[in-house]
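*Asks:* Whatever this is, show me its structure:
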Amino acid sequence: MNRRIVTRLSLAGIMSLSLYAPSISAHDNLDDVAIEKGAQEGELTNISMLEGNKNLENWYEAAAVQIKENDGIQNSTADVYAHKGFAYLGTHTAGGGNGGVRVFDLKDPSSPIEISKFADDIPGTWQEKVIVKTVNTPYFKGDLAVVSVQQLDRGNALSKGGFLLYDVNDPYNPKKLGFWELDKRVRGTHELYLTVQGNKPVVLTANPYADYYTHGEQKDFALVDVTNPANPQTIYEFDPRMLNEVPEDFNGYHWNSPDGKTRPVFNHSTMTDNTGKTAFLSFWDLGTIMLDISNPYDVEYLGRTDFAPDVQGAAHSSALAKGGTVLIETREVYHPTREGYERSYGYTRIFDIKDRTNPKLLSTFKTDLVDHVEDGVTFANTVHDPKVRGNTLYLSHYAGGVRAVDITDPSNPEQIGKYVPEQAFFWGVFIDQNYILASDMGQGLKVLLKNNSKNK
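*Replies:* Sure, this is the predicted structure:
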C-alpha cells in the first residue's frame with residue numbers, strides 16, 4: 001500500500017528511533033580514513049515524513065521495495081542509476097557481498113518489479129556502482145552497463161577487483177561482455193563513470209589506494225577505452241605528482257600539505273561534464289581535481305578545489321549545475337572531532353568553475369545534522385552523494401534521508417525539502433523522468449513521485 005506523507009516544514013510528531021545499522025565491514029583503512037563505511041549503532045531522532053515547499057511540496061512516496069534475497073541471504077543496497085525506464089541498484093557488503101546489480105522495471109513507478117540480477121560472478125566481491133549508457137561502436141551497439149567490483153578480502157585467492165561490462169539491451173537478460181582487472185593488491189574500482197566521446201565510450205575509474213598499495217605501479221585514476229567491451233584498454237592514468245605542490249617522493253595516501261598537516265590523498269569518485277571533455281576527480285584532501293580529457297591520450301591538468309587549514313578535506317563526490325559552470329562538492333567527514341580541525345560532520349561546498357583553472361567558493365550548505373557532534377564516530381550525520389536536476393540539488397544523507405536544496409542562487413543555497421522515512425540509511429539518489437529514486441541500504445529501493453503523476 002502506498003503511503004502519502006506530505007507536510008510543511010512546521011511538521012510536528014517526531015519519533016525517536018534506534019538507527020538501523022546495516023551489516024557493513026570497514027575495508028581499506030589507513031589511519032582512521034576508511035573508504036567503505038557503514039552505520040554505527042546509536043540513537044537518532046527520525047521524522048517519518050516527506051516534507052517540503054516550492055517545487056517539492058507535491059512529491060510523495062510511491063514505492064518502497066526491498067531487493068530479493070540471494071540464496072537465502074539479504075544483501076544491502078549501494079548506489080542507484082536509471083536508464084530507459086529501468087532502475088539499476090548496486091549492492092554493498094551485507095551477507096558476504098556478491099549481491100550483484102539488481103534491475104527493476106519501472107513501467108509502473110509505484111510498483112517496481114525486480115526482474116534480473118547480474119555482475120555477481122566474481123567470488124568475494126561487492127558491486128557498488130553501476131552506470132548505463134547507449135553506445136555505438138564497431139564492436140557493440142546499444143545499452144552498455146559498467147559495474148565497479150571490489151574485493152572484500154584481498155587474501156581471497158579467488159577474488160579480484162576492477163570493473164565488469166555488460167550488454168543490457170534486454171534488461172531481463174543481461175549478458176557479460178568483459179572485465180577490466182586491477183592488480184590483486186588493490187581492493188578494486190570503488191566508483192566509476194561512463195562517458196562517450198564521439199563514438200568512443202570511455203570509463204573513468206576511482207581505484208582508491210592503488211598508488212599506495214602498488215608503489216606507483218598503478219594509479220588511483222584511470223581512463224579506459226571500452227570501444228570493444230570484450231577488450232578494455234587503459235589509455236591514461238593520473239599521478240598526483242603532476243601537481244606542483246605534491247612532492248616527487250609522494251607515495252600515495254599521505255600528503256604533507258602546505259598547511260603543515262599530513263592529509264590523506266586517494267581518489268574516491270569520478271565523473272565528467274555532459275560533453276565528456278572535463279573529468280572531475282574527488283581526491284579527498286587534494287580536493288576535486290579537474291582534468292581536460294577532450295583528448296584522452298593527451299590529458300591536461302586544469303585546477304582543483306582546496307581547503308582552509310582547519311577544514312577536513314574528504315572530497316567524496318561531485319555534481320554539476322548551471323550548464324557545468326557550478327561544481328557541487330560533497331565531503332564525507334564522519335570524524336568531526338579530529339584535532340586541529342573544525343568540529344563538524346561533512347557538508348556540501350558550491351564553487352563557480354567557469355574558469356576551471358581557478359575555482360571560486362561561492363557557498364557552503366549544511367543540513368541540521370552536521371553540527372550535532374557526538375562522542376564517537378557516526379556516518380549518520382555526514383552528507384554522501386549529490387545529484388542535480390535544474391535548480392534543485394538532491395543529497396543522500398545516510399540516516400538524514402534525502403535532502404532537496406534550491407540552488408537557483410548558488411551563493412545562497414536553501415533547503416526546500418527532505419525525505420526521511422523510518423530507519424532511513426540512504427546511500428544514493430538519482431533523478432529520472434518524473435521521479436526521484438533513492439537507495440536505502442537496509443530497505444531497498446524508494447521511489448518518490450509528483451502528485452500529478454499517472455500512478456499515485
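*Asks:* Can you identify each of the helices in the protein by residue range?
*Replies:* Remark: helices assigned in the chain by DSSP state H are 210-213.
*Asks:* Spatially central residue in it, please.
*Replies:* Asp385 (5.0 Å; Cα atoms, centre = their mean).
*Asks:* That one contacts Val429, correct?
*Replies:* Yes. Applying Cβ atoms under 8 Å as the test, Asp385 and Val429 come out as touching, 6.4 Å apart. Quick note: C-beta positions are derived from backbone N, CA and C, even for glycine.
*Asks:* Overlap of the contact sets of these two?
*Replies:* Leu395, Ser396 (Cβ atoms under 8 Å, 6 or more residues apart in numbering).
*Asks:* For the stretch 1-150 of the chain, give me the ranges with low pLDDT.
*Replies:* In the predicted model, the stretch 1-150 of the chain carries pLDDT under 70 at residues 1-57.
*Asks:* wait, I meant the stretch 151-300 of the chain
*Replies:* Within the stretch 151-300 of the chain, the segments meeting pLDDT under 70 span 251-252.
*Asks:* ok, which stretches of it are strands?
*Replies:* Applying DSSP state E, counting those that start in this stretch to the stretch 151-300 of the chain gives strands spanning 162-167, 175-181, 191-197, 200-206, 221-225, 233-238, 253-256, 262-265, 269-272, 278-282, 288-292, 300-304.
*Asks:* got the angle for the first one vs strand 175-181?
*Replies:* Interaxial angle, strand 162-167 versus strand 175-181 (axes from the mean of the first three to the mean of the last three Cα atoms, to 10 degrees): 160 degrees.
*Asks:* what's the answer for the fourth one, then?
*Replies:* Between strand 200-206 and strand 175-181, the angle comes out at 50 degrees (the same axes, to 10 degrees).
*Asks:* buried residues in strand 200-206?
*Replies:* Pro201, Val202, Val203, Leu204, Thr205, Ala206 (16 or more other Cβ atoms under 10 Å).
*Asks:* And for the second one?
*Replies:* Going by neighbour count (16+ other Cβ under 10 Å), the buried part of strand 175-181 is Leu177, Gly178, Phe179, Trp180, Glu181.
*Asks:* what helices or strands is it leaning on?
*Replies:* Packing contacts for strand 175-181, counted by 3 or more Cβ pairs under 8 Å, 6 or more residues apart in numbering; DSSP states H and E, involve strand 162-167.
*Asks:* what about Gln151, how many neighbours?
*Replies:* Residues lying near Gln151 (other Cβ atoms under 10 Å) number 26.
*Asks:* distance of the residue nearest to it when sequence neighbours are not counted from His268?
*Replies:* Counting by Cβ to Cβ, 6 or more residues apart in numbering, Ser159 is the residue found nearest to Gln151 once chain neighbours are left out, at 4.3 Å. When Cβ to Cβ, to the nearest Å is applied, the distance between Ser159 and His268 equals 21 Å.
*Asks:* So for these two, which sits in the more crowded spot?
*Replies:* Ser159 (22 against 19).
*Asks:* Could you pull up the residues touching that one?
*Replies:* By Cβ under 8 Å, 6+ apart, the contact set of Ser159 is Ile122, Pro123, Gly124, Thr125, Gln151, Leu152, Asp153.
*Asks:* at 10 Å instead, please
*Replies:* For Ser159, the contact set (Cβ atoms under 10 Å, 6 or more residues apart in numbering) comprises 97-98, 122-126, 149-153, 184, 187-188.
*Asks:* Which one of these is nearest to His254?
*Replies:* Closest to His254 out of the contacts of Ser159 is Arg187 (17.8 Å), distances taken as Cβ to Cβ.
*Asks:* That closest one contacts Gly124, correct?
*Replies:* No. Using Cβ atoms under 10 Å, Arg187 is not in contact with Gly124; the gap is 11.1 Å.
*Asks:* overlap in contacts of these two?
*Replies:* In contact with both Arg187 and Gly124: Gln150, Gln151, Leu152, Asp153, Arg154, Ser159, Gly161, using Cβ under 10 Å, 6+ apart.
*Asks:* Now do the contacts for the first one.
*Replies:* So the one you mean is Gln150. 27-28, 35-36, 93, 97, 122, 124-129, 159-163, 182, 186-190, 207-208.
*Asks:* leaving aside the residues next to it on the chain, what's closest to it?
*Replies:* Gly188 (3.6 Å).
*Asks:* Name all residues that make contact with the one you found.
*Replies:* Applying Cβ under 10 Å, 6+ apart to Gly188 gives the contacts 27-28, 122, 125-128, 148-152, 154, 159-163, 181-182, 205, 207-208, 210.
*Asks:* quick one: low-confidence parts of the stretch 301-450 of the chain?
*Replies:* Counting by pLDDT under 70, the ranges of the stretch 301-450 of the chain that qualify are 375-377.
*Asks:* Could I get the full set of strands for the stretch 1-150 of the chain?
*Replies:* Using DSSP E, counting those that start in this stretch, strands in the stretch 1-150 of the chain cover 6-7, 15-18, 29-30, 33-34, 43-46, 49-52, 59-65, 77-83, 86-91, 101-105, 113-118, 125-126, 130-136, 141-151.
*Asks:* Highest mean neighbour count out of the ones you listed?
*Replies:* Comparing the strands of the stretch 1-150 of the chain by mean neighbour count (mean count of other Cβ atoms under 10 Å), strand 125-126 comes out on top with a mean of 30.
*Asks:* Run through who's touching that strand.
*Replies:* When contacts are defined by Cβ under 10 Å, 6+ apart, strand 125-126 is touched by residues 27, 36, 75-76, 78, 90-100, 119-120, 148-153, 156, 158-162, 164, 187-188.
*Asks:* what lines up beside that strand in the sheet?
*Replies:* strand 141-151 (antiparallel) (DSSP bridges).
*Asks:* Turn the strands of the stretch 1-150 of the chain into TSV, including distance to Phe425.
*Replies:* Converted to TSV, these look like this (distance: least, Cβ to Cβ, whole Å):
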stretch	distance to Phe425
strand 6-7	22
strand 15-18	11
strand 29-30	20
strand 33-34	16
strand 43-46	10
strand 49-52	16
strand 59-65	13
strand 77-83	10
strand 86-91	14
strand 101-105	17
strand 113-118	20
strand 125-126	16
strand 130-136	19
strand 141-151	19
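*Asks:* Can you check which of the strands of the stretch 151-300 of the chain gets nearest to Thr214?
*Replies:* Closest to Thr214 of these is strand 233-238 (Cβ to Cβ; 10.9 Å).
*Asks:* And the closest one, what does it pack against?
*Replies:* Packing partners of strand 233-238 (3 or more Cβ pairs under 10 Å, 6 or more residues apart in numbering; DSSP states H and E): strand 200-206, helix 210-213, strand 221-225, strand 278-282, strand 288-292.
*Asks:* Many thanks, have a good one.
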